[in-house]
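# A structural model of the following input is requested.
(one chain, ligands or ions: 2)
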Amino acid sequence: MEYYTAGESHGPQLTGILTGVPAGLKLDVEQINQVLRSRQAGYGRGHRQQIEHDQVNIVGGLRHGMTLGSPLALEIANRDHANWARIMDPLSSPNRENTRRKVERPRPGHADLVGGLKTRHRDLRNVLERSSARETAMRVAIGNVCTQLLAALGIQLVGYVQQIGSIAVTEPATLTVGQVGRAILENDLRIANQEQVAPIHALIDQSRQAGDTLGGQVRVLVENVPAGLGSYASAQAKLDAKIAAAVISVNAIKGVSFGDGQQLGQMAGSQAMDEIAYQKLRGYYRLSNHLGGFEGGMTNGMPLVINATVKPIPTLYHPLQTVDINTKQAVRANVERSDTTAVVPASVIVASVVAIELAKEITATFESANLERLREALARYRQEISEA
Ligand SMILES: Cc1cc2nc3c(=O)[nH]c(=O)nc-3n(C[C@H](O)[C@H](O)[C@H](O)COP(=O)(O)O)c2cc1C
Ligand SMILES: C=C(O[C@@H]1CC(C(=O)O)=C[C@@H](OP(=O)(O)O)[C@H]1O)C(=O)O
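Numbers count the residues shown, from 1 in each chain. Ligands and ions are numbered 1, 2, ... in the order given. Below is the predicted model of the structure:
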């Protein structure tokens, strides 16, 4: 399985190609659109999300709603392109508006400055259009195809928010995918504790009014993952490492950890390991899940617990100091219309890239040209390791 995305934030559309999806998966396109809506929603988003109504258009690899086993081709329109057509036309020559609206005051925290140095672009819009998190809409669509494949194999996952700015959400030590799924339906913060909605809204409002921004923490839970995905045998085959790379590739993600994460560094070994038990019906399992479902680069059969740190949005309405790339004078950074926080959409995006990595690993591990055959192979494997 492999995927690519293309498209600029204010260009005509985003385009995605996903190869390696088994033949015979009945795709629920409305579910893809629902997850696209979840990525757009979330308290703290800016005006752009009122313009966009993300909906996927599948133009290859699907017939009568069923995957063919051929590459899936996906499109999502950028409705905002209509407002940027003169600036972002893929073919016509630059016009007066392009000259007037060149980006030459790189924003700290963005790809603007270094992207321009690397590519020799003197209008930094040529960098920021692609480095924008707009691209993650397509990754979420591709991620939901993978989520539907995982669901067909009995594997469920959810992404949610655990912290925004200074407010950590108080929640039970262990939550299931089902419990989180129900809780996050009830608020626009994707948090599992409804009592903290009002204070977090107030914090976001305060930050927006101050021209500032917020980061936070998100978590992805995955259930019913078979033990033994990934490998201990070589660095490149370790599945926790592949997932960490995918999570870090999401815009604004600055940290990734598993299970109890950074706290593990302060715990005694006797508190941090997950003791092994066996029951005939259940097979091997653990008495706790401090390590978040990974040992030695492999899944161990416990739920996966993946944590990610989201940095605050870099564009500030009270802009930071930068340098004009022409005059080299100290100036205030360019201000692009912006979100106040992206922690809520980040929880959807991180879950999507985790789904992609798991689907890739499963299709690479088992015979996967056809969904039914993949299902049988996985069921045989689950049976074998439960009795071994
Ligand atoms: C869903 C989402 C929305 C974002 N919205 C904005 C935004 O409105 N303004 C902004 O400056 N950065 C925004 N970002 C963050 C930037 O895309 C990101 O910080 C930048 O591309 C640099 O990449 P890096 O933070 O991964 O180094 C957003 C990120 C995500 C995940
Ligand atoms: C477009 C999206 O997010 C954008 C991500 C983004 C950035 O710099 O990453 C900057 C903003 O772009 P704009 O200036 O067009 O409002 C966000 O709105 C999206 O998530 O769909």
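# Now do the buried residues in stretch 359-369.
Of the residues in stretch 359-369, those buried by neighbour count under the rule 16 or more other Cβ atoms under 10 Å are 359-363, 365-366, 368. All C-beta spots, glycine's among them, are computed from the backbone N, C-alpha and C.
# same question, stretch 74-88
By neighbour count, and taking 16+ other Cβ under 10 Å as the criterion, the buried residues in stretch 74-88 are 74-78, 80-81, 84, 87-88.
# Return the subset of the buried residues of stretch 359-369 lying in helices.
Secondary structure defined by DSSP state H assigns 359-363, 365 of the buried residues of stretch 359-369 to helices.
# what number of residues lie near Q156?
For Q156, the number of neighbouring residues by other Cβ atoms under 10 Å comes to 17.
# didn't it look like it was pressed against V225?
No - contact between Q156 and V225 fails when scored by Cβ atoms under 8 Å: they sit 9.6 Å apart.
# What residues does the stretch 151-300 of the chain have near ligand 1?
For the stretch 151-300 of the chain, the residues in contact with ligand 1 (Cβ under 6 Å from any ligand atom) are 250-252.
# hmm, try it at 8 Å
With Cβ under 8 Å from any ligand atom as the criterion, the stretch 151-300 of the chain comes near ligand 1 at residues 213, 250-254.
# And those, which two are furthest apart?
Within those, two members stand farthest from each other by Cβ to Cβ: T213 and V250, at 16.9 Å.
# Can you pull the residues of the stretch 1-150 of the chain lying near ligand 2?
Applying Cβ under 8 Å from any ligand atom, one finds that the stretch 1-150 of the chain approaches ligand 2 through 9-10, 39-40, 45-49, 52, 54, 78, 80, 110, 128, 131-134, 136-137.
# 5 Å instead?
By Cβ under 5 Å from any ligand atom, the part of the stretch 1-150 of the chain that sits against ligand 2 consists of 48, 132-134.
# The stretch 251-388 of the chain now?
Applying Cβ under 5 Å from any ligand atom, one finds that the stretch 251-388 of the chain approaches ligand 2 through 336-337.
# show me where the stretch 251-388 of the chain has strands.
Applying DSSP state E, counting those that start in this stretch to the stretch 251-388 of the chain gives strands spanning 253-258, 276-279, 283-286, 294-295, 298-299, 304-310, 321-323, 330-332.
# Figure out how far the third one is from the centre of its chain.
Right, strand 283-286. 30 Å (Cα atoms, centre = their mean, to the nearest Å).
# Same list (the ones in helices among the buried residues of stretch 359-369) but as JSON lines, adding distance to I200 and pLDDT.
Formatted as JSON lines, the entries for these read as follows, by distance: Cβ to Cβ, whole Å; pLDDT from 0 to 100:
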{"residue": "A359", "distance to I200": "32", "pLDDT": "98"}
{"residue": "K360", "distance to I200": "34", "pLDDT": "98"}
{"residue": "E361", "distance to I200": "35", "pLDDT": "98"}
{"residue": "I362", "distance to I200": "36", "pLDDT": "98"}
{"residue": "T363", "distance to I200": "38", "pLDDT": "98"}
{"residue": "T365", "distance to I200": "40", "pLDDT": "98"}
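# separation between V103 and E135?
Applying Cβ to Cβ, to the nearest Å, the value for V103 to E135 is 18 Å.
# try V59
With the distance defined as Cβ to Cβ, V59 ends up 19 Å from E135.
# more neighbours, the two?
When V59 and E135 are compared for neighbours, E135 comes out ahead with 21 against 11, by other Cβ under 10 Å.
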